[in-house]
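**Student:** the following block contains a protein sequence and its predicted model.
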Amino acid sequence: MSKVTELVRSEIEPIIAARGDEFVDIEYVKEKDQNYLRIYVDKDQPGGIDIDEIALLSEEISEMLDNLEPDPLPDPYVLELSSPGAERPLKNEKDWEKALNDYIHVGLYQKIEGKKIFEGALLSYDDEEVELEVKIKTRRKTLTIPRKLIANARFAIEF
């Protein structure tokens, strides 16, 4: 995480928490000559966070960022606040806990059984490994994946 995102995160997390919302992630990126500060938030309730709450939170965070001294974002940027969506990444222990028994997507650094991508129900996890129930053609199989091989993981929609 960059110094900019670390500083901004430390300033916005109390604002997000005070509203009863959940900080999910932050990124500061340049795309087509435009800087973007993207902040992903959610709410631990059915349906997650709604657009009205995101709008109110965006106003509060924008005002706070405008008043920070020294300005951590001296170049022009676009502030984007949004929900991480149905396929949000699994970044921390709380995310893994929420994903238990849910359908997830796992990308690996190296192949297991000839594949680098698996989707299935998360049966269990610990610091060393995760167990997924994956569907191979018409049968189900439990697959154990070492955590150190996981490049990324996110919630997924089962079709």
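**Tutor:** Great, that's in hand. Note that the structure is predicted; figures quoted are calculated from it, not measured.
**Student:** do a quick rundown of the helices in this protein.
**Tutor:** 3-18, 51-66, 93-99 (DSSP state H).
**Student:** buried set for the shortest one?
**Tutor:** Okay, so that is helix 93-99. Buried positions in helix 93-99, judged by neighbour count with 16 or more other C-beta atoms under 10 Å: 95-96, 99. Where C-beta positions appear, they are placed from N, C-alpha and C, glycine not excepted.
**Student:** output the helices of the chain in CSV; the columns should cover distance to residue 154 and mean pLDDT.
**Tutor:** Below are the helices of the chain laid out as CSV (distance: least, C-beta to C-beta, whole Å; pLDDT from 0 to 100):
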stretch, distance to residue 154, mean pLDDT
helix 3-18, 20, 93
helix 51-66, 20, 95
helix 93-99, 9, 89
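**Student:** ok, now which ones touch residue 20?
**Tutor:** residue 43 (C-beta atoms under 8 Å, 6 or more residues apart in numbering).
**Student:** separation between it and residue 117?
**Tutor:** Residue 20 is 35 Å from residue 117, where distance means C-beta to C-beta, to the nearest Å.
**Student:** do the same with residue 60
**Tutor:** Residue 60 is 39 Å from residue 117, where distance means C-beta to C-beta.
**Student:** who are the packing partners of the lowest-mean-pLDDT helix or strand in the chain?
**Tutor:** Ranked by mean pLDDT, DSSP states H and E, the weakest helix or strand in the chain is helix 93-99, scoring a mean of 89. On a contact count with 3 or more C-beta pairs under 8 Å, 6 or more residues apart in numbering; DSSP states H and E, helix 93-99 meets strand 115-125.
**Student:** which parts of the strand it packs on are buried?
**Tutor:** Quick answer for strand 115-125 (16+ other C-beta under 10 Å): 118-122, 125.
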